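1. What would the 3D arrangement of this be:
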Amino acid sequence: MKYTQLGRTGLKVSRLTLGTMNFGPFTNEPDSHSLMDTALDAGVNYFDTANTYGQGAGRGRTEEIIGTWFTQGGERRDKVVLATKVYGPMDVDGGTVWPNHDRLSALNIRRAVEGSLRRLQTDYIDIYQFHHIDRHTPFEEIWQAVDVLVQQGKILYAGSSNFPGYKIAQANEIAARRGTLGLVSEQCLYNLAVRDAEMEVLPAAQEYGVGVIPWSPLQGGLLGGALKKPEGARRSGGGRAAAELAKPEVRARVQAYEDLVDKHGLEPGEVALAWLLTRPGGHRADRRPAHRRAARLALRAVELELLAGAARLPGPKSSPGRARPPESFAW
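-> Now for the predicted structure:
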């Protein structure tokens, strides 16, 4: 495994991130534990999760699975750089969220971090990420809450996810005025097929020394050999990749991509991951494997070297100003 600094910090992290969103809803606890063991044995030390992950099995279930893995010992917790997120509600009663039980108020941040620590069975979180921007809470309040958690030793760093470039800048400018570190990482949607992040997110991250961790590096399976797989075996069968493949122009581009990769005797997924690792800014790919084969494919991508200009799909699918960021390129 190859390692790099996370943004401007002294923290060393693996070039691949183990994303855990499938743990619980799609991957049971024993298989999830096996995948984490495989990742750690291969040198992957950055594990990413969120307090709301596990929706199909109950919000928080994914953190619980990671927590029971930590309790097995073998220095598992000490070897892992653990990242989780806060923003969404944990308890939804009949579709209603109780006031102050979501978003980024100081009250909810305090409540959410205690819940994550309990489920993860650890006494600290390495990187505590804001899962989305909160237009109703000023960063002065957010950083005040973060400063308290850092002083208490409950978190070490703060990161963001699905932020537009101007919010990355605003957050870090306000943190600088307070004399604190600010955001050290941004987790955004970025891959060969969806490159909107290149418009403003990546330049802002580079300017402020924020490490970039692309999520959905295979675009929900679109770049993982979707056309090669039998119809019933596609992970994208009911997701966004299926909707994209229904568009003739997208299907033609994906077919051309798979043909190009096949000509070189490679797998589409490993090429897509390898491409991300060549992007400026030292990006890491957040891979969310549901089984061992997917994990092995991701690990091969670290060693794959691409020639300049190879395996490129068309650029961003949208243009600046088309929708209000970050919803234009996130959820």
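2. OK, contacts around the residue of the chain positioned farthest from its centre?
-> Most distant from the centre of the chain: Lys263, at 30.6 Å, with distances by CA atoms, centre = their mean. Contact analysis of Lys263 by CB atoms under 8 Å, 6 or more residues apart in numbering lists nothing. Where you see a C-beta, it was placed from the backbone N, CA and C, and this is true even at glycine.
3. And Asn100, by the same measure?
-> When contacts are counted by CB under 8 Å, 6+ apart, Asn100 is found next to Leu107, Asn108, Arg111.
4. at 6 Å what do you get?
-> Leu107, Asn108 (CB atoms under 6 Å, 6 or more residues apart in numbering).
5. secondary structure class for it?
-> Counting by DSSP: H, G, I helix; E, B strand; the rest coil, the backbone at Asn100 sits in coil.
6. any chance you could read off phi and psi for it?
-> phi 70, psi 20 (degrees, to the nearest 10).
7. just the strands in the stretch 51-200 of the chain please.
-> 81-86, 92-93, 96-97, 125-130, 155-161, 183-189 (DSSP state E, counting those that start in this stretch).
8. who does the third one touch, helix- and strand-wise?
-> Just to be clear, that refers to strand 96-97. Helices and strands touching strand 96-97, by 3 or more CB pairs under 6 Å, 6 or more residues apart in numbering; DSSP states H and E: there are none.
9. Off-centre distance for it?
-> Centroid displacement of strand 96-97 relative to its chain, using CA atoms, centre = their mean, to the nearest Å, is 26 Å.
10. now the first one
-> Chain-centre distance of strand 81-86: 10 Å, with CA atoms, centre = their mean.
11. neighbouring contacts of it?
-> 13, 45-51, 112, 116, 125-127, 129, 131, 161.
12. Report how many residues lie close to the nearest residue to Phe26 once chain neighbours are set aside.
-> Among residues not flanking Phe26 along the chain, Ala290 sits closest, at 5.1 Å (CB to CB, 6 or more residues apart in numbering). Residues lying near Ala290 (other CB atoms under 10 Å) number 17.
13. same question, the one 4 residues further on
-> The number of residues packed near Ala294 is 18, by other CB under 10 Å.
14. Where does it fall, secondary structure wise?
-> helix 292-301 (DSSP states H and E).
15. in that helix, what's buried?
-> Along helix 292-301, these residues count as buried under the neighbour rule (16 or more other CB atoms under 10 Å): Ala294, Ala295, Leu297, Ala298, Leu299, Ala301.
16. same check, this time on stretch 189-196
-> Leu189, Tyr190, Asn191, Leu192, Ala193, Val194, Arg195, Asp196.
17. Please report how far the residue nearest to Ala145 when sequence neighbours are not counted lies from Ala176.
-> With sequence-adjacent residues excluded and distances taken as CB to CB, 6+ apart, Ala145 is closest to Ala106, at 3.9 Å. Using CB to CB, to the nearest Å, Ala106 is found at 20 Å from Ala176.
18. Name the nearest residue to the residue sitting nearest the centre point of the chain, sequence neighbours excluded.
-> Most central in the chain under CA atoms, centre = their mean is Trp215, positioned 4.1 Å from the mean C-alpha point. Excluding its sequence neighbours, the residue lying closest to Trp215 (CB to CB, 6+ apart) is Asp286, at 4.5 Å.
19. Confirm that neighbour sits in a helix?
-> No. Assignment of Asp286 by three-state DSSP gives strand, placing it outside any helix.
20. got a list of what it touches?
-> Per CB under 6 Å, 6+ apart, neighbours of Asp286: Thr17, Gly19, Asp48, Ile213, Trp215.
21. which among the residues you listed gets closest to Pro30?
-> Gly19 (18.8 Å; CB to CB).
22. Number of residues surrounding that closest one?
-> Gly19: 25 neighbours (other CB under 10 Å).
23. On the pLDDT front, check the closest residue in space to it that isn't next to it in sequence for me.
-> In this structure, Gly19 finds its nearest non-sequential neighbour in Arg288, 3.6 Å apart by CB to CB, 6+ apart. With respect to pLDDT, Arg288 scores 78.
24. same deal with Glu231?
-> For Glu231, the predicted pLDDT is 59.
25. Equivalent analysis for Lys317, please.
-> pLDDT, Lys317: 51.
26. just the helices in the stretch 1-150 of the chain please.
-> 29-41, 61-70, 76-79, 106-120, 139-151 (DSSP state H, counting those that start in this stretch).
27. For Pro280, which of the ones you listed is the nearest?
-> helix 29-41 (25.8 Å).
28. ok, and what's touching the closest one?
-> Leu18, Phe23, Ile65, Trp69, Ala295.
29. mean confidence score for that helix?
-> Here the average pLDDT along helix 29-41 is 97.
30. tilt between that helix and helix 292-301?
-> 20 degrees (axes from the mean of the first three to the mean of the last three CA atoms, to 10 degrees).
31. okay, the angle between helix 29-41 and helix 61-70?
-> Computed by the same axes, to 10 degrees, the angle between helix 29-41 and helix 61-70 is 60 degrees.
32. how about helix 29-41: buried residues?
-> For helix 29-41, using 16+ other CB under 10 Å, the buried residues are Asp31, Ser32, His33, Ser34, Leu35, Met36, Thr38, Ala39, Leu40.
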